[in-house]
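>>> need a structure here:
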Amino acid sequence: MRRSAIRRGTNSLQLRRYNERLVLQTLRRAGEASKAELARQAELTNTAIGGIIAQLEADGLIVSLGKRHDGGRGQPATLYRLAPQGAFGIGVRLDRRSMESVLIDFGGSVIARRSHDGLLPAPAEALRIARQDVAGLLDVLSPADRPKLAGIGLAQPYNLGAWLHQLDLPPADFAAWDVVDFPAMLEEATGLPVFGENDGTAAAVAELFYGIGRSIDDFLYLFIGPAIGGGVVLGGDCLRGPTGNAGDVALLPVGPGRLASAPAPADGRDILLTRASLNALSRHLAFHDLPGGSRADLKAAIAAARPPVAEWIGDCVDAMTDAIWSAAALLEVRSVIIDADIDDGLIDALIGRLQSRLAATVPEAGQPPRLLHGTFGCDAGAIGAASLPMFFSFSPRASILTRSADERGWRDHAAAAD
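Residues are numbered from 1 along each chain as shown. Model prediction:
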């Protein structure tokens, strides 16, 4: 969107806030820059950039690095960068098989974490654990840094009680999650603003805010965990959808798999979740009497290049190929970022096979999207959760200026954070 178009219908406070965040984004992408460079890249006047720099320094969000001495003529320019201690975010990630909480700084570095493996407990017990973890992470911050906490981000799969058959999980353990508003429960328990999101969308936000997305405004994000999740980033913002479940790639229809371990689909069709997930890999290893029930088992099988791993990769790639072509056609994304809960060479193997498969199936006048290795691996969900309050507080989203109805879907706390 052109900046002249953005300015229409906005007031000076909203525009000032937008420009401040635009400068922060420019520094996040550049690493360091001078006032002149920031003014040029953000399309601001020298007067405007001077006032914004002064305010951001006063707020503790940026720091001066001193003068640049490059041997050029004229007065050396002062360089600026983001201040890692300028803000903090806490992320709580819920998964069907684990819970995790992290504290990150303004630069996206993890300062502290808490993790719990095992089936997700009932909401009341999960709330007790999350509240305890949040309190422990807050204790890591000094009294001077606590006011800099932007809030808590909560990332969880939506519809936790669904697709349990495909994930080989007992239905009774998750039924209660379909009737609770856990973000509201966590907010009431902690007294802190909570920004709840689908875990795939949250991980895509982390990639956008702190990872490869700092230089890419449009991409499809795919994360292979026990299930497969994803997110869609267009124009530097996450596509959310009316219920927050846009980018739910797990439900994309695909053909039936070729693996003997795969459950037979009732109607001859399948979904991506059944084939492109670590649960599918675990199932295939078990079919061959190999251990695959834990992360350690999966990592060992991948590192040892077990034949069933290669068989699953081939079937996974076939299913993901169809999904990627669908996304490319509908959304015109030119980049696909792929990450996973475990690696040990798995992601590179998937990307290599996918590149070949996409090249072999390219439609007429089409072009395969480029495939990129994700930034955060097993930390994607937790860092994604912690990125949510940072994203709402410091990202130059266009809805800051328009207060569009879409913004209400992000738990209404964006307005309070502003």
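
>>> CA only for contacts and neighbour counts going forward, please
Noted.

>>> Give the residue spans of the stretch 1-150 of the chain that score low on pLDDT.
Within the stretch 1-150 of the chain, the segments meeting pLDDT under 70 span 1-11, 68-75.

>>> Strands along that one, start to end?
Applying DSSP state E, counting those that start in this stretch to the stretch 1-150 of the chain gives strands spanning 33-34, 62-67, 78-82, 88-95, 98-105, 110-117, 149-156.

>>> report the angle between the axes of the second one and strand 78-82?
When axes from the mean of the first three to the mean of the last three CA atoms, to 10 degrees is applied, the directions of strand 62-67 and strand 78-82 differ by 150 degrees.

>>> And the contacts of strand 62-67?
Here strand 62-67 makes contact (CA atoms under 8 Å, 6 or more residues apart in numbering) with 53, 56, 57, 76, 77, 78, 79, 80, 81, 82, 83, 86.

>>> and if you look at the shortest one?
Counting contacts by CA under 8 Å, 6+ apart, the residues outside strand 33-34 that touch it are 27, 77, 78, 79, 80, 81.

>>> Just the CA atoms of stretch 189-208, as CSV, please.
The C-alpha trace of stretch 189-208 is given here as CSV (Å, rounded to 0.1, in the frame of the first residue of the first chain):
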residue,chain,number,x,y,z
ALA,A,189,-5.2,-15.7,36.4
THR,A,190,-2.1,-13.5,35.7
GLY,A,191,-3.6,-10.0,35.5
LEU,A,192,-1.6,-9.5,32.2
PRO,A,193,-2.9,-8.9,28.7
VAL,A,194,-3.0,-12.2,26.7
PHE,A,195,-2.8,-12.4,23.0
GLY,A,196,-4.1,-15.9,21.9
GLU,A,197,-3.5,-17.3,18.5
ASN,A,198,-3.4,-20.5,16.5
ASP,A,199,0.0,-22.1,16.9
GLY,A,200,0.7,-22.1,13.2
THR,A,201,-0.1,-18.4,12.9
ALA,A,202,2.0,-17.6,15.9
ALA,A,203,5.0,-19.4,14.5
ALA,A,204,4.5,-17.5,11.2
VAL,A,205,4.5,-14.3,13.2
ALA,A,206,7.9,-15.3,14.8
GLU,A,207,9.3,-15.9,11.3
LEU,A,208,7.9,-12.6,10.1
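
>>> What does the pLDDT read for the spatially closest residue to residue 311 that is not a sequence neighbour?
Among residues not flanking residue 311 along the chain, residue 259 sits closest, at 7.5 Å (CA to CA, 6 or more residues apart in numbering). You'll see residue 259 listed with a pLDDT of 94.

>>> Would you check how far apart residue 259 and residue 126 are?
According to CA to CA, to the nearest Å, residue 259 and residue 126 sit 36 Å apart.

>>> show me what contacts the residue sitting nearest the centre point of the chain?
Geometric centre of the chain, nearest residue: residue 203, 1.6 Å, by CA atoms, centre = their mean. Residue 203 makes contact with 230, 231, 380, 381, 382, 383, 384, 385, according to CA under 8 Å, 6+ apart.

>>> repeat that for 6 Å
By CA atoms under 6 Å, 6 or more residues apart in numbering, the residues touching residue 203 are 380, 381, 384.

>>> Among these, find the one with the greatest number of neighbours, please.
residue 384 (36 neighbours; other CA atoms under 10 Å).

>>> could you give the angle of the helix or strand containing it to strand 88-95?
According to DSSP states H and E, residue 384 maps onto helix 380-394. With the same axes, to 10 degrees defining the directions, helix 380-394 sits at 140 degrees from strand 88-95.

>>> outside of helix 380-394, which residues touch it?
Outside helix 380-394, the residues that reach it (CA under 6 Å, 6+ apart) are 21, 89-93, 150-151, 153-155, 202-203, 205-206, 414, 417.

>>> Could you do stretch 302-321 as well?
Stretch 302-321 is contacted by residues 275, 276, 354 when judged by CA under 6 Å, 6+ apart.

>>> and which of those is nearest to residue 196?
residue 276 (25.6 Å; CA to CA).

>>> confidence score at the closest one?
The confidence metric pLDDT takes the value 95 at residue 276.

>>> Please report the distance of it from residue 361.
19 Å.

>>> Ok, residue 249 next?
To residue 361, residue 249 is 20 Å away according to CA to CA.
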